[in-house]
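Engineer: next input, structure requested:
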Amino acid sequence: MEVFGMPVINVYLTVLIIAGLATVLYILFSDIAEGIGDASPLLDPAVILAFISFTSAVGYILELTTEWNHLLILIIALVAATALDFLLYFFVLLPLKSAEVSLAYTDESLTGQVGKVIVPIPVDGFGEIIIESVNGIISKRAAGYENKAIDYGKEVLIIEVKEGTFIVKEYEPFRFK
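Structural biologist: Numbering: from 1, shown residues only. All right, here's what the predicted structure looks like:
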């Protein structure tokens with residue numbers, strides 16, 4: 001059978017190559033088209049390109065290895081591509097979209113965290129604290145809450161951030177007796 005003046009097997013291979021190249025280009029430039037798939041998962045370019053790639057790959061393999069009817073091969077390829085696309089979307093793409101991989105933080109997001117004093121905080125003065133987080137160890141300028149002095153090595157609770165200075169209070173963890 002011929003489609004567009006070419007054997008069907010060549011059509012599958014051509015579509016597979018074009019879809020593969022389009023997928024590579026989409027991976028490289030996906031930030032430009034970031035919001036396209038938000039309306040519907042069916043409109044997501046990654047899902048569409050994967051569907052086309054799966055359909056053409058399965059069709060090409062079946063055309064090479066079997067003597068089945070071309071229409072039957074197309075139907076099997078479409079069903080297989082739908083199943084594979086479903087699995088790709090729900091088990092790979094959806095978890096990746098919901099995963100938070102940002103290492104960025106703001107000073108305000110550190111409010112409520114517990115740190116440790118590495119430079120003593122004097123009355124009406126500044127010291128330094130460190131906060132351990134997923135980003136590593138963060139060192140920040142600190143002042144005592146209600147202008148109280150805090151010694152070296154004490155654990156502190158970050159109360160608020162004012163103009164880049166962390167206002168801290170000595171941390172007293174709750175303990176059951």
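Engineer: contacts for stretch 66-81, please.
Structural biologist: Here stretch 66-81 makes contact (CB atoms under 8 Å, 6 or more residues apart in numbering) with 1, 8, 51-52, 54-56, 58-59, 62-63. Every residue, glycine included, has its C-beta placed from N, CA and C.
Engineer: can you list these in CSV and add secondary structure?
Structural biologist: Listed next are the contacts of stretch 66-81 as CSV, based on DSSP: H, G, I helix; E, B strand; the rest coil:
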residue, secondary structure
Met1, coil
Val8, helix
Phe51, helix
Ile52, helix
Phe54, helix
Thr55, helix
Ser56, helix
Val58, helix
Gly59, helix
Leu62, helix
Glu63, helix
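Engineer: scan those residues and report the most crowded one.
Structural biologist: Gly59 (26 neighbours; other CB atoms under 10 Å).
Engineer: can you give me every residue that contacts it?
Structural biologist: By CB under 8 Å, 6+ apart, the residues touching Gly59 are 8, 12, 73-74, 77.
Engineer: among the contacts of stretch 66-81, give me the pair with the biggest separation.
Structural biologist: Maximum pairwise distance in these, criterion CB to CB, is 22.4 Å, between Met1 and Phe51.
Engineer: any chance of the contacts of stretch 66-81 in CSV, plus pLDDT and distance to Glu155?
Structural biologist: Shown next, in CSV, are these (pLDDT from 0 to 100; distance: CB to CB, whole Å):
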residue, pLDDT, distance to Glu155
Met1, 69, 76
Val8, 89, 71
Phe51, 95, 54
Ile52, 95, 57
Phe54, 96, 55
Thr55, 96, 59
Ser56, 96, 60
Val58, 96, 60
Gly59, 95, 64
Leu62, 95, 65
Glu63, 93, 68
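Engineer: got CSV for the residues you listed, with distance to Leu96 too?
Structural biologist: As requested, these are exported to CSV (distance: CB to CB, whole Å):
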residue, distance to Leu96
Met1, 39
Val8, 35
Phe51, 18
Ile52, 20
Phe54, 18
Thr55, 23
Ser56, 24
Val58, 24
Gly59, 27
Leu62, 30
Glu63, 33
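Engineer: for Pro173, helix, strand, or coil?
Structural biologist: coil.
Engineer: so which strand or helix has Glu132?
Structural biologist: Element membership for Glu132, per DSSP states H and E: strand 127-133.
Engineer: what does that strand contact?
Structural biologist: 105, 110, 113-121, 137-143, 150, 156, 158, 166, 168.
Engineer: just the buried residues from the residues you listed, in PyMOL please.
Structural biologist: In PyMOL syntax, the buried subset of the contacts of strand 127-133 is picked out as below (16 or more other CB atoms under 10 Å):
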select buried, resi 110+113+115+116+117+121+140+142+143+150+156+158+166+168
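Engineer: so which of the contacts of strand 127-133 are in helices?
Structural biologist: Residues of the contacts of strand 127-133 located in helices (DSSP state H): none.
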